[in-house]
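Peer 1: Quick one, what's the 3D model for this:
(2 chains)
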Number of protein chains: 2
Amino acid sequence: MSQTENSRAAKPGSEVTRPAAGSFHLAIDAMGGDHAPESVLDGMELAAERHPEARFLLVGDEARLAPLLAKHKRASKACTIRHAPDVVSGDMKPTAALRMRTSSMRVAIDAVAAGEAAGVVSAGNTGALMALGKIVVKTLPEIDRPALAAVGPSARGDVVLLDLGANIVCDARNLVEFAVMGDAFARAVLGLPNPTIGLMNVGSEELKGDERVRLAADMLRTSPLAANFHGFIEGHDITSGTVDVVVTDGFTGNVALKTGEGALKLVGGLLKQVFTSSLAAKLGYLLAKPALDRLREWMDPRRYNGAVLIGLNGLVVKSHGGTDALGFAHAMDVAMDMVTHRVNDRIREGLAAMPSRKRDAASLTAE
Amino acid sequence: MSQTENSRAAKPGSEVTRPAAGSFHLAIDAMGGDHAPESVLDGMELAAERHPEARFLLVGDEARLAPLLAKHKRASKACTIRHAPDVVSGDMKPTAALRMRTSSMRVAIDAVAAGEAAGVVSAGNTGALMALGKIVVKTLPEIDRPALAAVGPSARGDVVLLDLGANIVCDARNLVEFAVMGDAFARAVLGLPNPTIGLMNVGSEELKGDERVRLAADMLRTSPLAANFHGFIEGHDITSGTVDVVVTDGFTGNVALKTGEGALKLVGGLLKQVFTSSLAAKLGYLLAKPALDRLREWMDPRRYNGAVLIGLNGLVVKSHGGTDALGFAHAMDVAMDMVTHRVNDRIREGLAAMPSRKRDAASLTAE
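Peer 2: Numbering: from 1, shown residues only, chains lettered A, B, ... in the order given. Modelled structure (predicted):
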């Protein structure tokens, strides 16, 4: 049975329990996304089954959520509703979203900032979520700038990519920090003990690229990540699986991600044309369908749903706005993996071990 | 019958004619590429058939080329051999290639610099070709920096992309010049009367991106290209065919191109697995083969071979090093289209009409 914090909209007979601070794994923005709150609750039902120990704070319009939640057996047991009367719309500017203090997105993020939940998952307005994450949850003191990270497919398994657009202009220090965060992400979410790291460039030779990537490469080569640092990689290395973690600035990463998605969509559309172009082709499709379905399943964007704003004092995970329950559940999986593997602790350890930091610390001590 | 400039290695009976300066459409580096000179001559044979009026200067080892050329009926008639004893190897640094004054690449480029040929096509070392192009042929006086441009596939026809890596760091002026060059390229090579232009960014809203792209967009919105300027585009717009010309800096363009190619390669490899995974799938493949072959033909990288270093006092076209005769012939087609449509004249006209230039000219007059 569902729990609500506020009896105002509670169903008769529902238990109203207020858990101790910090007891939630994730705060969930119930009202964000094209199919909210239904797809959010359906996704949460799946996630609750996969993570039976997890506790969720479900934030949104209590009057709408309570009866819906009652129909979700596992989600009901796993979560508590917190009322938030407003919704950040898809076209709202981040500045407007920042002023709206009682939106489901804001109340969920406030719960992370207050330490009540380790992270938040929202399928709502991306710009608003990024802005609220940075301003309300705040950047880790060890980090200059958080990055947007996600997982994509390659010929040799999944690949972590960052930054996907949180930072349009990056310097070498940012890129090095992204490498540390990508390393922690790949360990937690992909379960890799020693993820390899590549720095995006226009060629693999040491002299290629601008000052910024060459300096970042030099810093990584003399860091504790050196053993797993592959060096420079090129665009095609993302899908060939040359490395487990692809590090680049937010402009390049955003364009690369969308270009890759666009190329896959182009082929998908053309294959559809191929398989409907003649009776023979249609029959051929039916014969190859089981194998093609496996391919479609493998490439399913829902399997890669969940972009993480990493580097904050709490996890902020963005689910695709148009995804369904399966996709939302995957974004919750990503968030749960990062929470249970204490990604932020790993990032702090990784940054503390960077030689530049040690020098900074030494110079501070010397003063 | 082939013509040679030098009787030293000429076959008995070959005519030795030296054409008037400027009479060649293209100088061809016969020795560059993995399958040179055979694939170059085979490609030239195809190009000579498509462009019966064209005159080519074939540069390379005369002793090797003369007997080979004699077997290519159309190419023999269309071209003159110029001897060059050396070859720029694939792994040679651009600085070393610059010092080698008698390589086939250098002698071909010298012919362009001297005005003997309107352009050069080489399947050799990319870095060396770019460096020789810039230093020997030299940049158009109206242009700050040349760009590397090529054509790719989209759901709505071919798309011109630039810069693909000639300029790692670009400012707003460079991006505006790339738009002018891309416009001229699309008119000449794609035959479009009014190509639309998009500026790559991380979102389509006016406030997205860095200062550089916003300034370039402002400049384009108040330029003679304004009517065809679509504004900002994103990575997926390349393959969806939102615009005919995609303008971006060389770092982003290089990564986007290679990421898109990598994504297509990933799907290609997976489809191969699908269609060999079972007897039914194999049979399905055979039934759909005619339609799949049309798709393969449409996506054939040879159809998109030929990247142009545009913005020089002559055309420098890079063919893929591993391509065959068909691919090399396509690179020659691109070069011929640009020569016959006088792309450089169009670029000069386009730049002269830019308001910033007019202001510069006005301020100079006022002084």
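Peer 1: So chain A: which segments form each domain?
Peer 2: With automatic domain parsing as the criterion, the domains of chain A are listed as A:3-143+A:311-341, A:147-301.
Peer 1: show me the contacts for A:Pro195.
Peer 2: Listed by CB atoms under 8 Å, 6 or more residues apart in numbering or on different chains, the contact set of A:Pro195 reads A:Val160, A:Gly182, A:Asp183, A:Ala186, A:Arg187, A:Asn228, A:Val243, A:Asp244, A:Val245. Backbone N, C-alpha and C define where each C-beta goes, glycine included.
Peer 1: Kindly apply the preceding question to A:Gly260 instead.
Peer 2: Contacts of A:Gly260 (CB under 8 Å, 6+ apart): A:Gly152, A:Ile238, A:Thr239, B:Gly235, B:Thr259, B:Gly260, B:Gly262, B:Ala263.
Peer 1: now, which of these sits nearest B:Pro85?
Peer 2: Distances from B:Pro85 to those, taken as CB to CB, are shortest for B:Gly262 (38.6 Å).
Peer 1: Tell me if that closest one really is in a helix.
Peer 2: Yes: assigned with DSSP: H, G, I helix; E, B strand; the rest coil, B:Gly262 falls within a helix.
Peer 1: That one contacts A:Ser240, doesn't it?
Peer 2: Yes: applying CB atoms under 8 Å, one finds B:Gly262 in contact with A:Ser240, separated by 6.1 Å.
Peer 1: neighbour-wise, which of these two wins?
Peer 2: B:Gly262 (25 against 18; other CB atoms under 10 Å in any protein chain shown).
Peer 1: For the residue nearest to that one when sequence neighbours are not counted, give me the pLDDT.
Peer 2: Spatially, and ignoring its direct neighbours in sequence, B:Gly262 is nearest to A:His236 (3.4 Å; CB to CB, 6 or more residues apart in numbering or on different chains). Predicted confidence (pLDDT) for A:His236: 96.
Peer 1: again with A:Leu207
Peer 2: Predicted confidence (pLDDT) for A:Leu207: 75.
Peer 1: Now do the same for it: helix, strand or coil?
Peer 2: Following three-state DSSP, A:Leu207 is assigned to coil.
Peer 1: and it, how far is that from B:Leu309?
Peer 2: To B:Leu309, A:Leu207 is 20 Å away according to CB to CB, to the nearest Å.
Peer 1: more neighbours, these two?
Peer 2: More crowded of A:Leu207 and B:Leu309, by other CB under 10 Å: B:Leu309, with 27 against 8.
Peer 1: in a strand, that's where that one is, yeah?
Peer 2: Yes: counting by three-state DSSP, B:Leu309 is part of a strand.
Peer 1: ok, now which ones touch it?
Peer 2: Neighbouring residues of B:Leu309 by CB under 8 Å, 6+ apart: B:Leu129, B:Met130, B:Gly133, B:Lys134, B:Pro146, B:Ala147, B:Leu148, B:Ala166, B:Leu315, B:Val316, B:Val317, B:Lys318.
Peer 1: got a markdown table for these, with distance to chain A and secondary structure too?
Peer 2: What follows is those, written out as a markdown table (distance: CB to the nearest CB, whole Å; DSSP: H, G, I helix; E, B strand; the rest coil):
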| residue | distance to chain A | secondary structure |
| --- | --- | --- |
| B:Leu129 | 15 | helix |
| B:Met130 | 12 | helix |
| B:Gly133 | 17 | helix |
| B:Lys134 | 16 | helix |
| B:Pro146 | 16 | coil |
| B:Ala147 | 13 | strand |
| B:Leu148 | 11 | strand |
| B:Ala166 | 10 | coil |
| B:Leu315 | 22 | strand |
| B:Val316 | 18 | strand |
| B:Val317 | 20 | strand |
| B:Lys318 | 14 | strand |
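Peer 1: Point me to the residue of the stretch 1-150 of chain A nearest chain B.
Peer 2: Taking CB to the nearest CB as the measure, the point where the stretch 1-150 of chain A comes nearest chain B is A:Gly127, at 8.6 Å.
Peer 1: Surely that residue touches A:Thr95?
Peer 2: No: contact criterion CB under 8 Å: A:Gly127 and A:Thr95 do not qualify, at 9.7 Å.
Peer 1: Tell me which stretches of chain A form strands.
Peer 2: A:3-4, A:24-29, A:56-60, A:79-83, A:117-122, A:147-152, A:159-162, A:197-200, A:229-233, A:245-247, A:307-310, A:315-318 (DSSP state E).
Peer 1: CSV for those, including mean pLDDT?
Peer 2: Converted to CSV, the strands of chain A look like this (pLDDT from 0 to 100):
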stretch, mean pLDDT
strand A:3-4, 52
strand A:24-29, 96
strand A:56-60, 97
strand A:79-83, 96
strand A:117-122, 96
strand A:147-152, 94
strand A:159-162, 97
strand A:197-200, 98
strand A:229-233, 96
strand A:245-247, 98
strand A:307-310, 94
strand A:315-318, 96
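Peer 1: The ones you listed into TSV, with extra columns for distance to B:Asp300?
Peer 2: Below are the strands of chain A laid out as TSV (distance: least, CB to CB, whole Å):
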stretch	distance to B:Asp300
strand A:3-4	60
strand A:24-29	46
strand A:56-60	51
strand A:79-83	53
strand A:117-122	43
strand A:147-152	26
strand A:159-162	27
strand A:197-200	27
strand A:229-233	26
strand A:245-247	28
strand A:307-310	34
strand A:315-318	38
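Peer 1: closest one to B:Arg106 among those strands?
Peer 2: Among the strands of chain A, the nearest to B:Arg106 by CB to CB is strand A:229-233 (28.7 Å).
Peer 1: In the stretch 201-350 of chain A, where is pLDDT below threshold?
Peer 2: Low-confidence segments of the stretch 201-350 of chain A (pLDDT under 70): none present.
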